[in-house]
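Novice: give me the fold of what follows.
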Amino acid sequence: MQVAKREIAFVPVYSPLHDRQAVEETIKKYLALANTLEVFSFRLKERQELQPEEESLLFIVTGGSEGLALETIAQSTGPVLLLAHPDMNSLPASLEILARLGQIRRQGQVVYLDEDVAARQKLETALLVTGAYRKMQRARLGLIGRPSDWLVASSPDPHLVTGVWGPEVVTIEMEEVLNRLEKVDLEAQKLVVEEFLANAGGVREPNQEDLFKAAGVYLALRELVDSYHLDAFSIRCFDLVLQANTTGCLALSRLLDEGIIAGCEGDLPAALTMMLLSYLSGQIPFMANPARVQVEEKSLWLAHCTIARKLLTSYIVRSHFESGIGVGLQGELQPGPVTLARIGGTNLDLLYAAGGELLETGRSQNLCRTQVKIRIPTGVKYFLERPLGNHHVMVYGDWLDALRSYVELAKVALV
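Specialist: Presented below is the predicted three-dimensional model:
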């Protein structure tokens, strides 16, 4: 798993009746075992020192520790991960604690750790899932303007977004973007354009004015993100085409590179999917249209005019496909394993997820500028028979196990 290591508090809980030396040796052994994980590192912490918002792993060292564990859990928030091991009645105690968590409507999971590699992988997945869940519950998701008029199946009530998936939806009028766009600093625009062109393989349609306008959108949105403390947003971007004669493609690309989840067309379900995949995987997501389907070949083409440059091996600067104005990106992506997903449904409680292989990059003049062909071994009939919407989201890597675990924790369903 190619993500930066995240530090987790390793909190042992044990009965004072057990031999102290045996307890300390067990803690040392399993702390060392946990620290062999690729994604996480662990620091030993006494349960009395645990902070309410701190990300932690509760190590149930011995039986008879149930009451102490519940005292510790009462001081924390979010899902509870209980680490059990094969000795000292650790597992029986963990099961009793988990049963009590269910009675008090607190989310929890027991992860049973021994020296088996698969067990460590399950622990890693559990930590990724609970970490992503915490981030989703605390996130602020901006809806800038209304969803685009054509998103007839992708315009959920913001309260539903928060109730099912967690993020607080912050509604912002498009006028705020347009007003800020009029006041951006010319020198700042120049620097953005220079940076954007520095690594580009060329420029096709856009002229200098197009580039400066697109850079202005980035500066306006960057101000808005900072002002409203947004972790993510989706913007009614075609209003920029109609009212400002520019596009948001450059802006969204750069914001994605900076770690802000930036989605198109006011599509909240797609933005939620981008957040979920990003928080689980640590990867930058690509939101796109399924543009072509080849059923017998079990493949489809995804295409969009914006993408994070960090996902690209190279790119050229193009116009926006539909309008022919502004700035878009035509990028090349590396082949490799990917995961494709989409949140949707009447109650926003469904998730489509599939693993696949990115095969090649396209250059069709009849599709949005960045195009990728993906083969999905389970087939592509879903897209023609029961899709959850238009936009789907891709990340590199195989994250299906993590998504299955997330679905169980969030009490939603896979389709």
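
Novice: C-alpha only now, for contacts and for neighbours.
Specialist: Fine.

Novice: using CSV, write out every CA atom in stretch 155-171.
Specialist: Extracted in CSV, the C-alpha atoms of stretch 155-171 (Å, rounded to 0.1, in the frame of the first residue of the first chain):
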residue,chain,number,x,y,z
SER,A,155,-28.7,16.1,-6.5
PRO,A,156,-29.4,14.7,-3.0
ASP,A,157,-30.6,16.7,0.0
PRO,A,158,-27.5,18.0,1.9
HIS,A,159,-29.0,16.6,5.1
LEU,A,160,-29.0,13.2,3.5
VAL,A,161,-25.3,13.6,2.7
THR,A,162,-24.5,14.3,6.3
GLY,A,163,-26.8,11.7,7.8
VAL,A,164,-25.6,8.8,5.7
TRP,A,165,-21.9,9.7,5.0
GLY,A,166,-21.0,12.3,7.6
PRO,A,167,-19.6,15.4,6.0
GLU,A,168,-21.2,18.7,6.8
VAL,A,169,-22.4,20.3,3.5
VAL,A,170,-21.6,24.0,3.3
THR,A,171,-23.7,25.8,0.6
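
Novice: helices along the stretch 1-150 of the chain, start to end?
Specialist: For the stretch 1-150 of the chain, the helices defined by DSSP state H, counting those that start in this stretch cover 20-34, 66-74, 90-103, 117-138.

Novice: what comes into contact with the longest one?
Specialist: This points to helix 117-138. Contacts with helix 117-138, where a contact means C-alpha atoms under 8 Å, 6 or more residues apart in numbering, come from 34, 37, 39-40, 55, 78-79, 81, 111-114, 165-168, 275-276, 279-281, 401-403, 405-406, 410.

Novice: wait, K310 sits on D257?
Specialist: Yes: using C-alpha atoms under 8 Å, K310 is in contact with D257, at 6.2 Å.

Novice: next, count neighbours for the closest residue to L333 other than its chain neighbours.
Specialist: In space, and not counting its chain neighbours, L333 is closest to L312: 4.9 Å by C-alpha to C-alpha, 6 or more residues apart in numbering. Residues contacting L312 under the criterion other C-alpha atoms under 10 Å number 14.

Novice: might you report the residue contacts of L312?
Specialist: Neighbours of L312 in contact, by C-alpha under 8 Å, 6+ apart: 331-334.

Novice: what about the nearest residue to G201 once chain neighbours are set aside, which helix or strand?
Specialist: Closest residue to G201 apart from its sequence neighbours, by C-alpha to C-alpha, 6+ apart: I316 at 4.9 Å. Element membership for I316 (DSSP states H and E) is strand 312-318.

Novice: what mean pLDDT would you report for that strand?
Specialist: For strand 312-318, mean pLDDT rounds to 98.

Novice: so which helix or strand of this protein has the lowest pLDDT on average?
Specialist: Within the chain, no helix or strand scores below helix 238-244, which has a mean of 88 by mean pLDDT, DSSP states H and E.

Novice: for the residue nearest to D239 when sequence neighbours are not counted, give me its contacts.
Specialist: Closest residue to D239 apart from its sequence neighbours, by C-alpha to C-alpha, 6+ apart: M174 at 7.9 Å. By C-alpha under 8 Å, 6+ apart, M174 lies in contact with 144-145, 236, 239.

Novice: so for M174, what's the pLDDT?
Specialist: The score at M174 is 94. That number is its pLDDT.

Novice: now the one 3 residues further on
Specialist: If you check V177, the pLDDT there is 96.

Novice: with the one 10 residues further on instead?
Specialist: On the pLDDT scale, E187 is placed at 96.

Novice: likewise L128?
Specialist: 95.

Novice: try E322
Specialist: So, for E322, pLDDT stands at 88.

Novice: excluding its backbone neighbours, what's nearest A271?
Specialist: In space, A271 is closest to G263, 5.5 Å off (C-alpha to C-alpha, 6+ apart).

Novice: got a list of what the one you found touches?
Specialist: With contacts defined as C-alpha under 8 Å, 6+ apart, G263 is in contact with 232-235, 252, 270-271, 274, 287.

Novice: ok, so of those, who is nearest Q48?
Specialist: In terms of C-alpha to C-alpha, no member of those lies closer to Q48 than A232, at 34.5 Å.
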